[in-house]
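K.L.:
Provided below are the primary sequence and the corresponding predicted coordinates.
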Amino acid sequence: MTFHFPVLIPSLNRYVNFREVTNRQYKNIIKFSQNADDKNLEIYFNSLIDELNDDITHTDINKIDKFCILLMVRSVSIGPEMKLTLTCEETGELYTGTIDLNKILEYICNFNVIKGRKVKINSDVSVHVDTPSQLYSDAGDLIGLISDSISEVIVNQKKWTLSSLPADERVNIVNKLPGITFMKVLEYADKYITRFDDVVIFTDKSPHVDNADPTEYKLGLYDNSMYDFIKMCYSIDLQEYYTLIYTLCETMKFSAEYIESITPIEANLFVSYKQAEVARQNEDNKRQSNSSPTVGGQPGGMDIR
């Protein structure tokens with residue numbers, strides 16, 4: 001039986017069991033991220049959600065659900081804290097910050113989600129407006145955002161479920177709707193935007209400037225802030241990842257196949273144990289060297305001159 005853990009899916013109001021991310025999957029995320037391939041990284045995140053559970057697929061859930069799933073998977077598989085290296089804008093000096101991912105997760109999971117609703121456009125057309133489903137969208141793509149917020153279209157009592165369709169097909173259907181549709185969806189979006197005004201995930205204040213003004217980092221629903229935050233949570237330098245793999249292969253004689261089958265947090269634990277062991281050995285050697293009797297000016301030996 002594979003280890004799994006429960007994740008609350010806000011839109012479904014229930015828990016779903018998920019498995020951990022392995023180093024094999026983590027490496028793929030790092031590669032997409034380092035190549036700045038945002039579209040394919042979102043596709044991979046969706047496939048990962050499907051792969052890590054046996055209950056739901058990414059087409060069953062919305063953007064907030066995906067954010068919660070990927071944040072919880074990151075917390076369990078890699079670690080519940082994210083360390084940041086920040087630069088003071090006034091002095092150029094570096095300083096560190098820490099984000100508690102579990103606190104963000106708790107806040108978002110308990111967020112009072114606005115329920116989707118059916119909007120009548122005219123006597124023949126109605127749409128069901130809901131939370132967007134895509135984590136990533138092209139900048140300025142208003143049509144894409146609007147189509148992503150419409151889960152169903154009913155024309156002359158015939159229904160189309162847009163959530164299961166590719167993005168280009170959703171856009172084609174929405175483009176054929178009356179123009180007032182956009183205004184109705186934007187009215188719904190305005191309510192959500194207002195609700196998200198208070199979702200602060202991190203407050204940054206430089207320690208190098210007296211009375212520095214704090215900077216708040218917020219999440220939004222109709223931009224890429226959720227995607228960018230998830231991407232940042234999973235991002236490390238690819239060279240750092242391969243150095244970790246090499247260290248485990250070389251010093252602990254693990255096979256590459258085994259390393260890719262375990263989680264990033266397990267791999268880092270093995271390295272930290274090895275580092276602690278080496279540090280203890282070095283300390284023991286140093287103590288033995290300092291306590292060895294000196295004979296003829298040679299530690300622990302004899303002067304043969």
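P.N.:
Done, it's in. Numbers count the residues shown, from 1 in each chain.
K.L.:
Let me know the secondary structure of the residue sitting nearest the centre point of the chain.
P.N.:
Here the mean C-alpha position of the chain is nearest to the C-alpha of residue 230 (CA atoms, centre = their mean), at a distance of 2.6 Å. Put simply, residue 230 is helix when judged by DSSP: H, G, I helix; E, B strand; the rest coil.
K.L.:
And the pLDDT at it?
P.N.:
At residue 230, the pLDDT value in this model is 96.
K.L.:
give me the element the closest residue to it other than its chain neighbours is part of.
P.N.:
The spatial neighbour of residue 230 that comes closest, neighbours along the chain excluded (CB to CB, 6 or more residues apart in numbering), is residue 70 at 4.9 Å. Just so you know, the C-beta spots here come from the backbone N, C-alpha and C atoms, and that holds for glycine as well. Residue 70 belongs to helix 63-77 when assigned by DSSP states H and E.
K.L.:
likewise residue 181?
P.N.:
Secondary-structure assignment from DSSP H and E places residue 181 in helix 180-195.
K.L.:
you'd agree residue 77 is up against residue 23?
P.N.:
No - no contact is recorded between residue 77 and residue 23 when judged using CB atoms under 8 Å, the distance being 9.4 Å.
K.L.:
joint contacts of the two?
P.N.:
Taking CB atoms under 8 Å, 6 or more residues apart in numbering as the contact criterion, the residues that touch both residue 77 and residue 23 are 263, 264.
K.L.:
related to what we said a few turns ago, now do the residue nearest to the centre of the chain against residue 87, distance only.
P.N.:
Taking CB to CB, to the nearest Å as the measure, residue 230 falls 23 Å from residue 87.
K.L.:
Can you tell me how far the residue nearest to residue 230 is from residue 271?
P.N.:
Relative to residue 271, residue 70 is positioned 24 Å away (CB to CB).
K.L.:
residue contacts, the residue nearest to residue 138 when sequence neighbours are not counted?
P.N.:
By the measure of CB to CB, 6+ apart, the closest residue to residue 138 outside its immediate chain neighbours is residue 144, 6.5 Å from it. By CB under 8 Å, 6+ apart, the contact set of residue 144 is 134, 137, 138, 167, 171.
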